[in-house]
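J.: Sequence first, then the predicted structure, then my questions.
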Amino acid sequence: MPVYTLAEIAEKIGGKVSGDSRIEIGGIAQIDEAKNGELTFLANPKYKAELDKTKASAAIIDQKVDVTPAIPYILVMDAYYGFLQAFTLFNPQEKLLRSGVHPTAVVHESAQIGENVAISGNVYISANAVIGNRTQIFPNCVVLDKTEIGDDCVLYPSVTIRENCCIGNKVIIHNGAVIGSDGFGFAPHEGKYHKIPQVGKVIIEDDVEIGANTTIDRGTLGETIIKKGVKLDNLVHIAHNCVIGENTVVAAQTGISGSTTIGKNVVIAGQVGLVGHITIGDGVQIGAQSGVSKSIPEGEIYFGYPARPIMKTKRIESIINNLPDLMKRIKGLEKTIAELQNQRADISAKK
Amino acid sequence: MPVYTLAEIAEKIGGKVSGDSRIEIGGIAQIDEAKNGELTFLANPKYKAELDKTKASAAIIDQKVDVTPAIPYILVMDAYYGFLQAFTLFNPQEKLLRSGVHPTAVVHESAQIGENVAISGNVYISANAVIGNRTQIFPNCVVLDKTEIGDDCVLYPSVTIRENCCIGNKVIIHNGAVIGSDGFGFAPHEGKYHKIPQVGKVIIEDDVEIGANTTIDRGTLGETIIKKGVKLDNLVHIAHNCVIGENTVVAAQTGISGSTTIGKNVVIAGQVGLVGHITIGDGVQIGAQSGVSKSIPEGEIYFGYPARPIMKTKRIESIINNLPDLMKRIKGLEKTIAELQNQRADISAKK
Amino acid sequence: MPVYTLAEIAEKIGGKVSGDSRIEIGGIAQIDEAKNGELTFLANPKYKAELDKTKASAAIIDQKVDVTPAIPYILVMDAYYGFLQAFTLFNPQEKLLRSGVHPTAVVHESAQIGENVAISGNVYISANAVIGNRTQIFPNCVVLDKTEIGDDCVLYPSVTIRENCCIGNKVIIHNGAVIGSDGFGFAPHEGKYHKIPQVGKVIIEDDVEIGANTTIDRGTLGETIIKKGVKLDNLVHIAHNCVIGENTVVAAQTGISGSTTIGKNVVIAGQVGLVGHITIGDGVQIGAQSGVSKSIPEGEIYFGYPARPIMKTKRIESIINNLPDLMKRIKGLEKTIAELQNQRADISAKK
């Protein structure tokens, strides 16, 4: 791990040092795990007291926390983000590929390759593909005809991208992910399914990350669009003509059916299923394994199978959880009423 | 896009022209999106009125719709299918691969390669494999020993097929799909799991389409069979010794456990799970995310977790949705009965 | 298929022959399918009577079954395991790869390759990787920098393993599986997600089997660990920093979220989802499609969405299944009570 002075770190994470800014820091860890010579952070006032016990030599402190540590510290606007920045500083991603085209890579003569691009072994770049500057393509990736990839992208091993797709800048695609496979579209006729040609494309904007073995189908006509800053986890399925809004996060094994539009800043947990042709509003959150068959308005939190507003699902779940007791209560009522009826009959008989 | 006369289109889609058959058509679109010079279609009487407003220069009309358009039209038996045929005409699939074996492909000398086959870069074809005529194999695919692939197939990038499998004609397999991986079979003995050798194979019949990153396991003994015309979406899992009947459609992320048999013309939505060793009858439909643990008779529509006949699931779901109200009703009953009991006690006391 | 004498089979599976041990056996099958010249087995007393009808020439008999077959037999402690051993004897896995490095494989000069290793076509082995003795690597696999793979492993086609991972001995990894992809970790800051570097690794211990297109993410810091004897099916997702205990089995399409710890000898069915940061005790069993959001103590059997103890889920499910009837009963109660109230009013009025 590299070593930085506190002043250097403060400069890189955009904070202000109090105390000795010349001390050397050789690592970063949580408040209860940090050792002498390391940096820690305090973002949550709840853990204030931990500051007195930490072995760390310095701390990143959130402006919102009212505390004056005994150790030197860096004051920042957002201590968790400051921690992430410092963490990245101490844990730089290893650079595994060198610029240049590996002799076993196949790069079509009509492909345009930018500067300082790394194209590793057994990669296949087809005709008229475009690869932007500093993009790294790991072994055994395939980029088909006319697909354009921007600057500073990383394609991990065995990523395959079909023809005519468009990938922005700083996009990270993990092993085995598939971009631009045919949408699942067939017209039934006389008991058979006839393929509807899938002649659209996939557009992936800047700063998107796509998980391992995730699949994104091309549009039937037009585009499937993954907007700026979207993060998709592993084994996610995005069908033809979906639009995923900016800075939306989708956890593993979720599937989004054809022509569904997801808003901005949406959070979708794992194994969720969404039917086709619906619209999910900005800022919506959807809980794990939910089954979403209708559009959801902006800002709502939905959960369940079927997906409902989360408070309703929780209320229903708690009733369901008590159904065995409820059954007893209903049996009790039936018994009581039968008794009341008998008594009524008695009264009548006596009259 | 190519240009055709209305007569040429009518001939290709098997319909009869009314009006000027010499007009030239340069594209096809939906009735409200079509432009001058384009063709549209009317399959549903509901949209009849749209015909007066469309900017299209001609239309494909379904015989079942009682309408006489002002613009030239082609009368067909099934307008949606006619549209698909015309759409395909105007949107021909780009031919991306040229016939021949790419110099970086590895083709074992004992492999039999048909005529006009395209084998692209970094493909690996193993001993005694057979590749039929006009089949196209995209970069980085692997076909292991003795696997036979028929005519006119397309294997998109990174498809891998294990040994001894058998693929029919006109089969399309999308990126990263796996055919012939070992079934998941182990015998527990003294706290460990011991592998049961998976020595069967996978048979895929004609006109099947298999989605990206879908996995189809080989039979333990005998075969896993995907019959004629089956369409599997992305990330589907078919376990060992399953049989999927003709013209059955399975949507994304569905999993079918070992030795389960699915009938013909079945429709299975996304993220459905089926246990092993059951039988799904012909023509069955299963809703999204259903959990199927029992066989389903022919023609039924099932839905839910657990899967039940859809009308029953919908009835139950609507009751569940109203459980909070039901709780109030039950509390009301309890209160009323308590009052009745008190009154009864009063009556007795007064007597 | 090979031919063995009954004595040879008995020796290999560790049993004792009664009857003619010199007879030759040319295959093995279930009791109702075995033919003359074949071996069968009896593990379950229930099928005792089948022994009289079988056409098999010999049988493997479980010591726990009280029976004396008319045909020669091998007595063993565990007839099902004996069957598995004999089955393996008659169905040896074909050896598809020859030792040596295929001329199209890329093996970095700093990689350490053991003895009798097979590295097939278009494989990429990066700097400082270590491949143990007798390990077989099928076409188009990728092993990145400093990853170590033990002895007697099999990597089927297109397996990709990122840098710094550690794979034990006798590990089998099926087509397209991904080991060591980045965990899904981001810190939100000013409406965007910022990547948390994933600098940990994946450790896979001995005798693990990993299904096709399964993905195992590396630790953020520290490790994701798959312990001895674990079996993962196809399309499973294991997130960063999970620990899967010894001899645990996970069926297809299950997803385990970050930092969750699974005990030993756990059985998780297909399409189960587990949230992050929980602990599943040793010996737990979890039914298909369950949604697990809380830790489960040792030895429990859980099922459902949400997952509950299976008996409770079954009780609740049976009540839910009868909800339409329950509704009728409640309506009946309401009617009866209304009548009782009216009668009460009558009584009061008459008084």
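T.: Ah, there it is.
J.: got the contact list for stretch A:321-330?
T.: Contacts to stretch A:321-330, defined as C-beta atoms under 8 Å, 6 or more residues apart in numbering or on different chains, come from residues A:319, B:327, B:330, B:334, C:308, C:312, C:315-316, C:319-320, C:326, C:329-330, C:333. Every residue, glycine included, has its C-beta placed from N, CA and C.
J.: what about stretch A:149-165, how long is it end to end?
T.: Separation of the first and last residues of stretch A:149-165 by C-alpha to C-alpha, to the nearest Å is 8 Å.
J.: can you give me how far that stretch is from the chain middle?
T.: Taking C-alpha atoms, centre = their mean, to the nearest Å, one finds the center of stretch A:149-165 at 19 Å from the center of the full chain.
J.: Among the contacts of stretch A:321-330, which are located in strands?
T.: Counting by DSSP state E, the part of these found in strands is residue C:308.
J.: could the contacts of stretch A:321-330 go into a markdown table alongside neighbour count, distance to residue A:173 and pLDDT?
T.: Shown next, in a markdown table, are the contacts of stretch A:321-330 (neighbours: other C-beta atoms under 10 Å in any protein chain shown; distance: C-beta to C-beta, whole Å; pLDDT from 0 to 100):
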| residue | neighbour count | distance to residue A:173 | pLDDT |
| --- | --- | --- | --- |
| A:319 | 16 | 44 | 96 |
| B:327 | 16 | 49 | 92 |
| B:330 | 17 | 54 | 91 |
| B:334 | 15 | 60 | 90 |
| C:308 | 21 | 39 | 98 |
| C:312 | 15 | 43 | 97 |
| C:315 | 15 | 47 | 97 |
| C:316 | 18 | 43 | 97 |
| C:319 | 16 | 47 | 96 |
| C:320 | 19 | 43 | 97 |
| C:326 | 18 | 51 | 92 |
| C:329 | 14 | 57 | 92 |
| C:330 | 17 | 55 | 91 |
| C:333 | 20 | 60 | 90 |
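J.: Scan chain A for its longest helix.
T.: Counting by DSSP state H, the longest helix found in chain A is helix A:323-350.
J.: Check the offset of it from the chain's centre.
T.: The answer for helix A:323-350 is 56 Å, by C-alpha atoms, centre = their mean.
J.: same check, this time on stretch A:18-30
T.: Per C-alpha atoms, centre = their mean, the centroid offset for stretch A:18-30 relative to its chain is 32 Å.
J.: what comes into contact with that stretch?
T.: With C-beta under 8 Å, 6+ apart as the test, stretch A:18-30 has contacts from A:1-7, A:9-10, A:34-35, A:37-41, A:56-58, A:71-75, A:83, A:86-87, A:89-90.
J.: how close does the closest residue to residue A:184 other than its chain neighbours get to residue B:316?
T.: Closest residue to residue A:184 apart from its sequence neighbours, by C-beta to C-beta, 6 or more residues apart in numbering or on different chains: residue B:233 at 4.5 Å. Distance of residue B:233 to residue B:316, given as C-beta to C-beta, to the nearest Å: 28 Å.
J.: Tell me the residues of the stretch 101-250 of chain A that contact chain B?
T.: A:104, A:106, A:122, A:124, A:126, A:140, A:142, A:144-145, A:158, A:160, A:162-163, A:176, A:178, A:181-182, A:184, A:186-187, A:189, A:191-197, A:199, A:213, A:215, A:217, A:221, A:235, A:237, A:239 (C-beta under 8 Å from any C-beta of the partner chain).
J.: What about the residues you listed, which are in helices?
T.: Among those, no member falls in helices (DSSP H).
J.: Off-centre distance for the helix or strand hosting residue A:81?
T.: For residue A:81, the host element (DSSP states H and E) is helix A:79-90. Relative to its chain's centre, helix A:79-90 lies at 19 Å (C-alpha atoms, centre = their mean).
J.: which other helices and strands contact it?
T.: Counting contacts by 3 or more C-beta pairs under 8 Å, 6 or more residues apart in numbering or on different chains; DSSP states H and E, helix A:79-90 is packed against helix A:6-13, strand A:39-42, strand A:58-62, strand C:186-189.
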